[in-house]
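Asks: Test case, fold it:
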Amino acid sequence: MIHRLPLVEMASLARSGAVSSLELIEAHLARIEAVNPHYNAFTMVLADQARTSARRADQGLKMGPLHGVPVTVKDSFDVAGLPTRLGSYFAPEVPAAEDSAVAARLRRAGAILLGKTNTPEFLSSYETDNYITGRANNPWNQERTPGGSSGGEAAAIASGCSPGGVGSDGGGSIRVPAHFCGIAGLKPTPGRISLIGHRPLEASLGIAVAGPMARSVADLRLLFEVLAGYDDRDPLSAPVELRSPKIDRVRIGVFQTFYEIPVQPSVRRAVQEAAALLASIGFTVDTFRPEGLERAPNLWSFFFSELPARASKERIAGREAEAHWTYTENLDKLLERPPAPAWQVMEQLAARDKMRRNLVEQMRNVPFLLMPVASIAAFSHRERKFATESKPVGLFQAMAPATTFNLLGLPALTVPFTIDEQGMPVGVQIVARPWEEESLLELGVALETARGPFGAAPEP
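Replies: Sure, this is the predicted structure:
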């Protein structure tokens with residue numbers, strides 16, 4: 001099954017000529033035709049364009065680290081000549097004039113774009129559903145969500161329709177779908193991967209980032225090396241060159257729950273077993289409880305949800321019936337609060353900076369944190385209260401381990417780790433200090449190597 005090979009191996013075979021690019025493309029297109037009707041992972045499949053590009057690749061010089069390899073991108077990234085729909089009737093159907101930065105980098109590395117993947121409307125939900133292309137389903141259980149907002153990308157990769165691609169993460173939107181679907185995903189430090197050509201255009205305040213998704217951390221590492229780099233068009237882009245990883249004799253702090261928010265038993269067990277495995281291969285692993293992060297999810301919600309709420313309301317004014325429930329689910333509740341005055345925004349920005357500074361100081365001697373991605377595994381469609389080991393929690397609490405690091409701008413990685421008692425994948429999250437993605441990925445590779453092969457989602 002060529003479509004199930006690791007992306008790194010596909011790239012090696014295509015560069016050597018052992019497998020043609022057209023073979024890779026045809027295998028993935030056949031897979032999409034066979035299983036995508038069950039998962040609805042794609043908003044558009046670019047079959048003819050992909051075949052044309054593959055024939056060119058097979059006739060040309062073997063160049064680029066992703067020469068001839070198929071990839072996908074979330075339908076929030078511009079691709080020249082195609083609309084960026086964001087799952088919404090309110091997004092213009094005008095074709096993009098040029099590629100987003102990530103699409104351009106993938107193409108320059110020799111990759112071939114297979115298609116764009118499904119999102120909730122305006123990327124505003126942990127559940128991927130919209131009026132344009134409909135609901136995406138989890139390949140491990142179609143009654144459950146693949147997560148959001150990069151849920152289509154995660155479902156495409158987990159089901160073997162794509163070996164890897166790019167999502168975006170403003171509140172766990174790469175890491176949570178990766179955790180839900182049994183794949184790997186990286187949220188980098190803001191500025192390492194350009195966001196030029198990502199929609200919507202609202203300022204992210206350094207909260208949202210673009211990042212790679214794939215079935216293994218080794219594959220993420222290759223994608224990250226292609227995607228990372230300075231872009232002078234992006235005001236947050238930083239000229240940080242690729243560096244050699246450093247994980248010898250490092251200390252890893254284990255944070256089993258986000259303070260007093262309970263987790264499902266399988267989530268705690270995954271973190272405990274991952275900690276034991278890392279200790280068994282020579283890392284120093286200790287319990288670690290960061291100080292001063294308790295309000296981080298609330299601050300994240302202020303910047304990511306509360307501040308944009310009025311703009312969202314104005315966007316749909318007079319056309320409310322055309323807005324999907326994933327976009328409006330929490331809108332009325334957010335609008336109950338009075339508009340934040342300028343002094344409050346400045347005060348909250350200062351609080352965020354202080355919180356980040358304090359955490360980085362605490363991590364000087366503990367450069368990696370091992371913790372849950374979220375308190376829960378993949379949930380049933382439209383479910384909003386979740387049983388845990390002690391009491392039910394809602395989405396806001398369940399996602400606190402993910403949203404905290406969007407607020408603070410630290411790189412974070414989902415590594416698929418185990419399967420729960422209901423047959424759903426459970427990942428773990430590793431967090432590093434700013435700009436240390438190379439070491440974070442190296443540690444992730446060490447963990448997945450010690451873990452051994454991770455099973456594939458069942459056939460539909």
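
Asks: my read: Gly64 touches Leu106, true?
Replies: No: contact between Gly64 and Leu106 fails when scored by C-beta atoms under 8 Å: they sit 9.6 Å apart. Yep, even glycine has a C-beta here, placed from its N, CA and C like the rest.

Asks: Retrieve the pLDDT associated with the nearest residue to Leu408 once chain neighbours are set aside.
Replies: Once flanking residues are discounted, Leu408 sits nearest to Arg356: 4.5 Å by C-beta to C-beta, 6 or more residues apart in numbering. pLDDT for Arg356: 98.

Asks: Give the residue from Gly64 and Leu106 that has the larger number of neighbours.
Replies: Between Gly64 and Leu106, counted using other C-beta atoms under 10 Å, Leu106 has the larger neighbour count: 29 against 19.

Asks: Who are the packing partners of the host helix or strand of that one?
Replies: Per DSSP states H and E: Leu106 is located in helix 101-108. Packing partners of helix 101-108 (3 or more C-beta pairs under 8 Å, 6 or more residues apart in numbering; DSSP states H and E): strand 70-74, strand 112-117, strand 164-169, helix 217-227.

Asks: 6 Å instead, please
Replies: Packing partners of helix 101-108 (3 or more C-beta pairs under 6 Å, 6 or more residues apart in numbering; DSSP states H and E): helix 217-227.

Asks: State the number of residues packed around the nearest residue to Ile419 once chain neighbours are set aside.
Replies: Leaving out its chain neighbours, the residue that sits closest to Ile419 by C-beta to C-beta, 6+ apart is Pro425, at 5.9 Å. Using other C-beta under 10 Å, Pro425 has 26 other residues around it.

Asks: so what's Pro425 up against?
Replies: Gly182, Pro416, Ile419 (C-beta atoms under 6 Å, 6 or more residues apart in numbering).

Asks: With neighbour count, distance to Cys161 and pLDDT added, can I get those in a markdown table?
Replies: Shown next, in a markdown table, are these (neighbours: other C-beta atoms under 10 Å; distance: C-beta to C-beta, whole Å; pLDDT from 0 to 100):
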| residue | neighbour count | distance to Cys161 | pLDDT |
| --- | --- | --- | --- |
| Gly182 | 27 | 14 | 98 |
| Pro416 | 26 | 17 | 98 |
| Ile419 | 17 | 21 | 98 |
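
Asks: mind listing the strands for the protein?
Replies: 42-45, 70-74, 112-117, 164-169, 184-187, 209-214, 251-254, 284-287, 368-372, 385-386, 393-394, 412-419, 425-432 (DSSP state E).

Asks: Paired strands for the fourth one, with orientation please.
Replies: Just to be clear, that refers to strand 164-169. strand 70-74 (parallel), strand 209-214 (antiparallel) (DSSP bridges).

Asks: Relative to Gly170, which of the ones you listed is closest?
Replies: strand 209-214 (7.8 Å; C-beta to C-beta).

Asks: where does Ala111 fall, phi/psi-wise?
Replies: phi -70, psi 160 (degrees, to the nearest 10).

Asks: That one reaches Gly68, doesn't it?
Replies: No: applying C-beta atoms under 6 Å as the test, Ala111 and Gly68 come out as separate, 8.1 Å apart.

Asks: low-confidence ranges in the protein?
Replies: 202-204 (pLDDT under 70).

Asks: longest helix anywhere in it?
Replies: Taking DSSP state H as the criterion, the chain has its longest helix at helix 342-362.

Asks: May I have that helix exported as PDB, CA atoms only?
Replies: Extracted C-alpha coordinates of helix 342-362, given in PDB (Å, rounded to 0.1, in the frame of the first residue of the first chain):
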ATOM      1  CA  ALA A 342      -8.400  50.100  25.300                       C
ATOM      2  CA  TRP A 343      -6.900  50.200  28.700                       C
ATOM      3  CA  GLN A 344      -8.200  46.600  29.300                       C
ATOM      4  CA  VAL A 345      -6.600  45.300  26.100                       C
ATOM      5  CA  MET A 346      -3.300  46.900  27.100                       C
ATOM      6  CA  GLU A 347      -3.500  45.400  30.500                       C
ATOM      7  CA  GLN A 348      -4.300  41.900  29.200                       C
ATOM      8  CA  LEU A 349      -1.400  42.200  26.700                       C
ATOM      9  CA  ALA A 350       0.900  43.100  29.600                       C
ATOM     10  CA  ALA A 351      -0.400  40.100  31.700                       C
ATOM     11  CA  ARG A 352       0.300  37.800  28.800                       C
ATOM     12  CA  ASP A 353       3.800  39.000  28.400                       C
ATOM     13  CA  LYS A 354       4.500  38.700  32.100                       C
ATOM     14  CA  MET A 355       3.000  35.100  32.100                       C
ATOM     15  CA  ARG A 356       5.200  34.100  29.200                       C
ATOM     16  CA  ARG A 357       8.300  35.600  30.800                       C
ATOM     17  CA  ASN A 358       7.700  33.700  34.000                       C
ATOM     18  CA  LEU A 359       7.100  30.400  32.300                       C
ATOM     19  CA  VAL A 360      10.300  30.700  30.100                       C
ATOM     20  CA  GLU A 361      12.200  31.500  33.300                       C
ATOM     21  CA  GLN A 362      10.800  28.300  35.000                       C
END
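
Asks: Grab the nearest non-local neighbour of Leu307.
Replies: Using C-beta to C-beta, 6+ apart, the closest residue to Leu307 is Ala340 (6.5 Å).

Asks: Next one: Ser375 from Arg295, what distance?
Replies: Noted for Ser375: a distance of 18 Å to Arg295, by C-beta to C-beta, to the nearest Å.

Asks: which one of those two has more residues nearby?
Replies: Counted by other C-beta under 10 Å, Ser375 and Arg295 do not tie: Ser375 has more neighbours, with 25 against 15.

Asks: how about that one, what does it touch?
Replies: Neighbours of Ser375 in contact, by C-beta under 6 Å, 6+ apart: Ile261, Val263, Val393, Ala398.

Asks: Please list the members of those residues that lie in helices.
Replies: Ala398.

Asks: Closest one of the contacts of Ser375 to Pro453?
Replies: Nearest to Pro453 out of the contacts of Ser375 is Val263 (C-beta to C-beta; 25.6 Å).

Asks: Run through the residues that contact the closest one.
Replies: Val263 neighbours (C-beta under 6 Å, 6+ apart): Thr257, Pro372, Ser375, Thr388.

Asks: Against Val428, how distant is the closest residue to it other than its chain neighbours?
Replies: Spatial nearest neighbour of Val263, excluding adjacent residues (C-beta to C-beta, 6+ apart): Ser375 at 4.3 Å. Separation of Ser375 from Val428 (C-beta to C-beta): 13 Å.

Asks: The longest helix of the chain to strand 425-432, inter-axis angle?
Replies: 90 degrees (axes from the mean of the first three to the mean of the last three C-alpha atoms, to 10 degrees).

Asks: Name the residues that touch stretch 48-67?
Replies: Taking C-beta under 6 Å, 6+ apart as the rule, stretch 48-67 contacts 11, 14-15, 20-22, 25, 68, 109-112, 114.
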